[in-house]
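Enquirer: Need a 3D model of the following:
(one chain, ligands or ions: 1)
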Amino acid sequence: MDAAQEHRVRVLEVIPRGARAVSARFERPEGFSYLAGQWAFATIERNGEVLTRHLTLSSSPTEPFLEMTKGMTGHPFAEAFRALAPGDELRLRGPLGRFTLRDGDGDAVFVSGGIGITPLRSMARFAADTRLPTRITLLYSARTQDDLVFLGELEAIRRENPQFAVCVTLTRPGPGWEGRTGRIDRAFIERKVPDIRGRSFYASGPPAMIDAICAALAEMGVPGEQVRREVFTGY
Ligand SMILES: Cc1cc2nc3c(=O)[nH]c(=O)nc-3n(C[C@H](O)[C@H](O)[C@H](O)COP(=O)(O)OP(=O)(O)OC[C@H]3O[C@@H](n4cnc5c(N)ncnc54)[C@H](O)[C@@H]3O)c2cc1C
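Expert: Predicted structure coming up:
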């Protein structure tokens, strides 16, 4: 099968994810195979307009459906995505991308900013479903509680997979937040992942955050080839 074939997929379900993101689940076309962390071009036609964006498959290849999760920006594609209903169709061209969980990479650290969590959710679900022996620590930063996506889901994965740990931090916490605050920087990484040596890093999020994380990792002496990144343009 051509890796970047175009598929028409039908919406099965639309799921709000906190206040600022929405997931849509689609029928998985027969033979559609992909790796955890890959993305596709998603095209929605609405009122005669054709809108296309890169969107990650937030589902895991071990799940029977395809899922994509869009951050709500108020822009036309986001609004069209939010308005999807069961039975609607859209076009997907993919799977594409090399930000995937590799066998033999050893233990991993996932670093996510905001909606950058989507490929990491796919990988974390995949690791739990396939009983991967890889230890994974997820460092997940968002602005506010409302910007956290998949929190319940990540907690469920953590309960299923003793090799998976989650550390959440908010940069602009609202009242009532008793968890960690501040950005993911060198000090945060060193505190949460004391055994950093030999770990592979998977960093996903907006361009400015990925630049800052990669600079911190370089400063800490993590070899460049141990750092994989997915830069979410448009944020
Ligand atoms: C590999 C990859 C995977 C991705 N995966 C995901 C994912 O899983 N989930 C997700 O939500 N996003 C993902 N993205 C980002 C996504 O493709 C979009 O870029 C992002 O969601 C913003 O799209 P939007 O339609 O909401 O905003 P857009 O309308 O595209 O706006 C994006 C930027 O352009 C500016 N802009 C828009 N219109 C104008 C204009 N007329 N004039 C000037 N500036 C303008 C906006 O202010 C904003 O800064 C991914 C990106 C990549 C590259």
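
Enquirer: In three-state terms, how would the closest residue to the ligand within the chain be classified?
Expert: The nearest approach of the chain to the ligand comes at Gly234, 2.2 Å away (Cβ to the nearest ligand atom). The way it works is simple: take the backbone N, C-alpha and C, and place the C-beta from them, glycine included. Of the three states, Gly234 takes coil under DSSP: H, G, I helix; E, B strand; the rest coil.

Enquirer: My read is that it contacts Arg53, right?
Expert: Yes. Under the criterion of Cβ atoms under 8 Å, Gly234 makes contact with Arg53 at 7.4 Å.

Enquirer: what's the domain layout of the chain?
Expert: Domains of the chain are assigned by automatic domain parsing as 6-96, 108-231.

Enquirer: Centre of the chain to the last one, how far?
Expert: In other words, domain 108-231. Distance, stretch centre to chain centre, for domain 108-231: 10 Å (Cα atoms, centre = their mean, to the nearest Å).

Enquirer: all numbers from here: first residue = 38
Expert: Okay, using 38 as the starting number, the last item reads as domain 145-268.

Enquirer: and the end-to-end length of that domain?
Expert: Using Cα to Cα, to the nearest Å, the end-to-end distance of domain 145-268 comes out at 18 Å.

Enquirer: And for stretch 199-213?
Expert: Start-to-end span of stretch 199-213 (Cα to Cα) is 28 Å.

Enquirer: Compare Gly271 and Arg90 (neighbour count), which wins?
Expert: Arg90 (19 against 13; other Cβ atoms under 10 Å).

Enquirer: Please pull up the helix or strand immediately following the lengthiest strand in the chain.
Expert: In the chain, assigned by DSSP state E, the strand with the most residues is strand 43-53. Next helix or strand after strand 43-53 toward the C-terminus (DSSP states H and E): strand 58-64.

Enquirer: Show me which positions of the helix or strand following that next one end up buried.
Expert: Sequence order places strand 76-83 as the next helix or strand after strand 58-64, per DSSP H and E. Buried positions in strand 76-83, judged by neighbour count with 16 or more other Cβ atoms under 10 Å: Trp76, Ala77, Ala79, Thr80, Ile81, Arg83.

Enquirer: For the residue sitting nearest the centre point of the chain, which residues are in contact?
Expert: For the chain, the residue sitting closest to the mean C-alpha position, by Cα atoms, centre = their mean, is Thr155 at 1.7 Å. By Cβ atoms under 8 Å, 6 or more residues apart in numbering, the contact list for Thr155 reads Leu92, Thr93, Leu94, Ser95, Met105, Thr106, Val186, Ser241.
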